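Q: pasting the structure only:
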RNA sequence: GGGCCUGUAGCUUAGCCAGGUAGAGCGACGGACUUUUAAUCCGUUGGCCGGGGGUUCAAAUCCCCUCAGGCCCGCCA
């Protein structure tokens, strides 16, 4: 059984209606790790609904959280906003300076591109802006209960996390006159107000049913579970450590009279060769960057094929091609109605079911019955070649039509694929070994690939290049016919020509590549080879 | 110190929470095709399931111990 289905089975024991929640603080650029959180939720939601449960994905934007520090991508101007809730801070411009007259907030600035990415990934969700829930008084009851049970809260936090709290600690963080959570000392609790004094000695009070303050993180989380009715929540392994926020949260939520959601701890995504993702450090591949390179269904496949508790090495280089190949092969060879026969072992049957789930969960449209043939006919690898040798999109479509892979106009998803492929090829991530480099000189390696005996062949081919129609099939005819005529194994002829033109012993269909470059460049390359024999 | 995860073929891994003959893909090797080129098709190879012990008629799977690797424990997914 697939991990998402397994989770759905576990949830079925709790009830028929489920709210799967994801909570993310929009403190900076969103990255591929956040994609994992949301897609993990999304796949559980789909598995639930598929098995007859009623599930929904709730994306909680922790917009009430304060800015912790001036991150590396922000200018020093943000010093003044440290400790302020993210929804009240202006967004940064390209230099990282605050745009004071902007219509949107810091939180929205980072969230919006992420939402677009999720939309492309086919994720359907409901958004809850946490600061609005504070404004609307959704936290009032929980806050009251925590304040009334202050000793119990303190006991749980210190016992479970093992960290002592300050003497003057209260389960509440008011916002001061300067708009910041920092530097405030609580002086009392007079329902519905928390009274406090700031560092200048000025006193104030916050109404707990408003956004005049918030619950500290470890209390904020169970409060959200409680009023939203969260039944399942995936979270990073940092929260899963014993003494972490889940282990305190599951006890604290009992004070509120509800039950902790079913936990789904997940491992982090690492960039190949680099450390883990982090919003504050510079080692992020944003979801935008990932989505500008990787087709959405491949990104979904990456998440679907890996159980949450396995860490993922995200590699935007050569293994991306391999993963795409694997996905496409799985799709291409998949026969929905060919279940393993009854005599098959359970393992074989299970493997079949897991594969089916992987394919289904990788689709951007959850209820699609038939898979998009585009995804199965035109391989990622093939497209990587075409995109390199055909600079115009129209020529790519033309080529696909000629080779019978495309019988009508390209679909939007195919156009998107090509766009992403071009981005990838142009990026630093595209693997060197898959680059097609037209040779401007004769390499030593190439020189060794042929000898005096090939002179006539090369010479005649050179003339053929000059005279034939400059298209792929004509060029291919000349290469093959002349090779036969001169008694050269076709295989060898191609090795020689690949060396001369591309500087390596093999590559994509040579004639197609040559047809894309100016005829004279091809002739020049042969001339260099011929001259080297004199 | 506390805790989590992982260890299955050369590589990536499925199967483990419901114990019942170890499944893939890639690679390698062999073959077919021979206007044929990071191609396609067919086949072969390859695993004391990290190690030890226990439970069981039966263990990759459950329990205990152990070794190795990765990670978390202010905030972070």
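A: Thanks, I have it. Everything numeric here is computed off the predicted structure, so don't read it as measured data.

Q: residues contacting the closest residue in space to residue A:397 that isn't next to it in sequence?
A: Excluding the flanking residues, the one nearest residue A:397 by Cβ to Cβ, 6 or more residues apart in numbering is residue A:410, at 5.2 Å. The way it works is simple: take the backbone N, C-alpha and C, and place the C-beta from them, glycine included. Contacts here follow Cβ atoms under 8 Å, 6 or more residues apart in numbering; on that basis residue A:410 touches A:397, A:400, A:418.

Q: By neighbour count, which of the residues you listed wins?
A: Using other Cβ atoms under 10 Å as the neighbour definition, those reach their maximum at residue A:400, which records 22 neighbours.

Q: Please identify the helix or strand for it.
A: Taking DSSP states H and E as the definition, residue A:400 sits inside helix A:393-402.

Q: Could you pull out the buried residues of that helix?
A: The neighbour-count check on helix A:393-402 (16 or more other Cβ atoms under 10 Å) flags A:396-397, A:399-400 as buried.

Q: quick check, distance from it to the centre of its chain.
A: How far helix A:393-402 lies from its chain's middle: 29 Å, per Cα atoms, centre = their mean, to the nearest Å.

Q: as a whole number, average confidence for it?
A: For helix A:393-402, mean pLDDT rounds to 82.

Q: Pull the residues that contact that helix.
A: With Cβ under 8 Å, 6+ apart as the test, helix A:393-402 has contacts from A:378, A:383, A:386-387, A:390, A:406-407, A:409-410, A:415, A:418, A:512, A:516.

Q: go with 10 Å
A: A:374, A:377-378, A:382-383, A:385-387, A:389-390, A:392, A:405-410, A:414-415, A:418-419, A:421-422, A:471-473, A:509, A:512, A:515-516 (Cβ atoms under 10 Å, 6 or more residues apart in numbering).

Q: What of stretch A:191-198?
A: Residues contacting stretch A:191-198 (Cβ under 10 Å, 6+ apart): A:137, A:140, A:143-144, A:147-148, A:170-178, A:180, A:182-189, A:202-210, A:212-213.

Q: and if we set it to 8 Å?
A: Looking at what lies outside stretch A:191-198 - Cβ under 8 Å, 6+ apart - the contacts are A:140, A:144, A:147, A:170, A:172, A:174, A:176-178, A:183-189, A:203-209, A:213.

Q: Check which residues of that stretch are buried.
A: Residues of stretch A:191-198 classed as buried: A:192-194, A:196, A:198 (neighbour count, 16+ other Cβ under 10 Å).

Q: go on, stretch A:196-205?
A: Going by 16+ other Cβ under 10 Å, stretch A:196-205 has these buried residues: A:196, A:198, A:204-205.

Q: How far off centre is it?
A: Using Cα atoms, centre = their mean, the mean C-alpha position of stretch A:196-205 is found 45 Å from that of the whole chain.

Q: Check stretch A:428-446 too.
A: For stretch A:428-446, the gap between its own C-alpha mean and the chain's C-alpha mean amounts to 30 Å (Cα atoms, centre = their mean).

Q: What's the mean pLDDT across that stretch?
A: For stretch A:428-446, mean pLDDT is 82.

Q: what about it, near RNA strand B?
A: Yes: residues of stretch A:428-446 contacting RNA strand B under Cβ under 7 Å from any atom of the strand: A:433-434, A:436.

Q: so which two of the buried residues of stretch A:196-205 are the farthest from each other?
A: Taking Cβ to Cβ as the measure, those span a maximum distance of 11.7 Å, between A:198 and A:205.

Q: In chain A, what residue lies closest to RNA strand B?
A: Among residues of chain A, the one nearest RNA strand B by Cβ to the nearest atom of the strand turns out to be residue A:236. It sits 1.6 Å away.

Q: who does that residue bridge with?
A: When bridges are assigned using DSSP bridges, the partners listed for residue A:236 are residue A:266.

Q: surely it meets residue A:25?
A: No: proximity of residue A:236 to residue A:25 does not meet the contact threshold set by Cβ atoms under 8 Å, at 11.8 Å.

Q: These two: who's more crowded?
A: Set residue A:236 next to residue A:25 and count neighbours by other Cβ under 10 Å: residue A:25 wins out with 21 against 17.

Q: Leaving out chain neighbours, which residue sits closest to the more buried one?
A: Per Cβ to Cβ, 6+ apart, closest to residue A:25 is residue A:62, 4.2 Å.

Q: what's the neighbour count on that neighbour?
A: The criterion is other Cβ under 10 Å. On that basis, residue A:62 has 23 neighbouring residues.

Q: same thing with the one 4 residues further on?
A: If you count neighbours by other Cβ under 10 Å, residue A:66 ends up with 22.

Q: dump the residue contacts of it.
A: Taking Cβ under 8 Å, 6+ apart as the criterion, residue A:66 is in contact with A:82-86, A:180-182.

Q: Kindly recompute the last result at 7 Å.
A: In this structure, residue A:66 makes contact with A:83-85, A:181, judged by Cβ atoms under 7 Å, 6 or more residues apart in numbering.

Q: top of those residues by neighbour count?
A: Top of these by neighbour count (other Cβ under 10 Å): residue A:85, with 26 neighbours.

Q: partners of that one in the sheet?
A: According to DSSP bridges, beta-bridge pairing links residue A:85 with residue A:66.

Q: In what element of secondary structure is residue A:386 found?
A: With DSSP H and E as the criterion, residue A:386 is inside helix A:380-389.

Q: Now do that helix and helix A:393-402, the angle between them.
A: With axes from the mean of the first three to the mean of the last three Cα atoms, to 10 degrees as the criterion, the two stretches helix A:380-389 and helix A:393-402 enclose an angle of 130 degrees.

Q: Which elements pack onto helix A:380-389?
A: Judged by 3 or more Cβ pairs under 7 Å, 6 or more residues apart in numbering; DSSP states H and E, helix A:380-389 is in contact with helix A:318-333, helix A:393-402, helix A:412-426, helix A:510-516.

Q: what about residue A:449, neighbour count?
A: Burial of residue A:449, expressed as a neighbour count using other Cβ under 10 Å, amounts to 18.

Q: do the one 5 residues further on as well
A: Residue neighbour count, defined by other Cβ under 10 Å, stands at 20 for residue A:454.

Q: Switch the buried residues of stretch A:196-205 over to JSON lines; also include secondary structure, distance to residue A:304 and pLDDT.
A: As requested, the buried residues of stretch A:196-205 are arranged in JSON lines below (DSSP: H, G, I helix; E, B strand; the rest coil; distance: Cβ to Cβ, whole Å; pLDDT from 0 to 100):
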{"residue": "A:196", "secondary structure": "strand", "distance to residue A:304": "48", "pLDDT": "95"}
{"residue": "A:198", "secondary structure": "strand", "distance to residue A:304": "50", "pLDDT": "92"}
{"residue": "A:204", "secondary structure": "strand", "distance to residue A:304": "50", "pLDDT": "94"}
{"residue": "A:205", "secondary structure": "strand", "distance to residue A:304": "50", "pLDDT": "94"}
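
Q: which one of these sits closest to residue A:250?
A: Distance from residue A:250 was checked for each of the buried residues of stretch A:196-205 by Cβ to Cβ. The minimum falls on residue A:196, at 29.4 Å.

Q: Check the gap between that closest one and residue A:247 for me.
A: Going from residue A:196 to residue A:247 by Cβ to Cβ, to the nearest Å gives 29 Å.

Q: Can you pull the residues of the stretch 401-534 of chain A lying near RNA strand B?
A: A:433-434, A:436, A:473, A:476-477, A:480-481, A:484, A:489-495, A:498, A:506-510.

Q: Now with 6 Å, please.
A: A:434, A:436, A:476-477, A:480-481, A:490-491, A:493-494, A:506-510 (Cβ under 6 Å from any atom of the strand).

Q: any low-confidence regions in chain A?
A: A:271-288, A:333-344, A:367-377, A:403-404 (pLDDT under 70).

Q: What segments of the stretch 201-350 of chain A are strands?
A: Here the stretch 201-350 of chain A has its strands, by DSSP state E, counting those that start in this stretch, at A:203-207, A:213-214, A:232-236, A:262-266, A:269-271, A:312-314.
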